[in-house]
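S.K.: sequence and computational prediction follow.
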Amino acid sequence: MSKRQARGKTIKTGIIVLAAALVLAFGVMALAGCSSDNGSGSTGTSTDTSSTANSTDNSASMTDTSSTDNAATSATDNSSATTPTDNNEQVFVTVKVDITAAVEANDPTAVALASEKGGDVYTVDVYDSSLKTVLDATSAAGLTLSTASSSMGQYVTAIDGVASGISSASAGWTYDINGVAGTDSVDAATIQAGDVITWTYVTSWD
């Protein structure tokens, strides 16, 4: 083989080796690019998953908060529904009016009143705990009163239009407290919580 032929063979071999090296280099670069793309895709998926998880956690937190708020409202409403009645709204005394005798005497005012009240006896609850006397409580009961004064104090001459003297000069009104006949004038007789004051019309004091 001549020197020229040997040199040509050497150059050809170098070109082949260089080409092989270039092919290998491009292959490595291609593999690196695929790896990078896969990594990016994986990161995106991970980010999406993380975002979804955060969204789920936030929704759960909002639901829990809403449930807590509703529970608090319900408790407040329930608490609010079971608040005790103020003491000022408790019955202080009861005033009872008995016009049976006047109705039996055929007094037209008494007969009409009994019809209006649904009976010969009617009661009124009084709530004002500042009241002191029988007169105070009777007036606070909303009854229409007529009174007169004497040397012993005030006395009642008419209740709701039923007046003294309809059948005789001695006919009129008397009161008792818890079944005990009153002995003081109505403006002097004192009362206390729980008392029942009964006004009874009598046609005779016998």
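M.R.: Received the coordinates, thanks. Numbering: from 1, shown residues only.
S.K.: where along the chain do the strands fall?
M.R.: 93-98, 121-126, 145-150, 153-159, 162-163, 172-177, 180-181, 196-202 (DSSP state E).
S.K.: dump those to CSV, plus distance to Ser115, mean neighbour count and mean pLDDT.
M.R.: Quick note: C-beta positions are derived from backbone N, CA and C, even for glycine. Output for the strands of the chain, formatted as CSV (distance: least, CB to CB, whole Å; neighbours: other CB atoms under 10 Å; pLDDT from 0 to 100):
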stretch, distance to Ser115, mean neighbour count, mean pLDDT
strand 93-98, 14, 21, 97
strand 121-126, 11, 16, 96
strand 145-150, 21, 12, 94
strand 153-159, 16, 18, 95
strand 162-163, 13, 22, 96
strand 172-177, 20, 19, 96
strand 180-181, 29, 8, 96
strand 196-202, 16, 20, 98
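S.K.: and Leu135, which of those strands is closest to it?
M.R.: Closest approach to Leu135 among the strands of the chain is made by strand 153-159 (6.4 Å; CB to CB).
S.K.: and the closest one, what does it pack onto?
M.R.: Using 3 or more CB pairs under 8 Å, 6 or more residues apart in numbering; DSSP states H and E as the contact criterion, the elements in contact with strand 153-159 are helix 134-140, strand 145-150, strand 172-177, strand 196-202.
S.K.: can we see that at 6 Å?
M.R.: The criterion is 3 or more CB pairs under 6 Å, 6 or more residues apart in numbering; DSSP states H and E, and the helices and strands that strand 153-159 contacts are strand 145-150.
S.K.: what pairs with the strand it packs on, parallel or antiparallel?
M.R.: Strand 145-150 pairs in its sheet with strand 153-159 (antiparallel), by DSSP bridges.
S.K.: just the CA atoms of the strand it pairs with, as PDB, please.
M.R.: Taking only C-alpha atoms (Å, rounded to 0.1, in the frame of the first residue of the first chain), the coordinates of strand 153-159 have been written out as PDB:
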ATOM      1  CA  GLY A 153    -110.900  56.500 106.500                       C
ATOM      2  CA  GLN A 154    -112.100  55.700 103.000                       C
ATOM      3  CA  TYR A 155    -114.600  53.100 102.000                       C
ATOM      4  CA  VAL A 156    -116.000  51.800  98.700                       C
ATOM      5  CA  THR A 157    -119.500  52.800  97.600                       C
ATOM      6  CA  ALA A 158    -119.500  51.200  94.100                       C
ATOM      7  CA  ILE A 159    -117.500  48.700  92.000                       C
END
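S.K.: circling back to that earlier point, any chance of the strands of the chain in JSON lines, plus distance to Asp187?
M.R.: Formatted as JSON lines, the strands of the chain follow (distance: least, CB to CB, whole Å):
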{"stretch": "strand 93-98", "distance to Asp187": "15"}
{"stretch": "strand 121-126", "distance to Asp187": "16"}
{"stretch": "strand 145-150", "distance to Asp187": "8"}
{"stretch": "strand 153-159", "distance to Asp187": "4"}
{"stretch": "strand 162-163", "distance to Asp187": "19"}
{"stretch": "strand 172-177", "distance to Asp187": "12"}
{"stretch": "strand 180-181", "distance to Asp187": "17"}
{"stretch": "strand 196-202", "distance to Asp187": "13"}
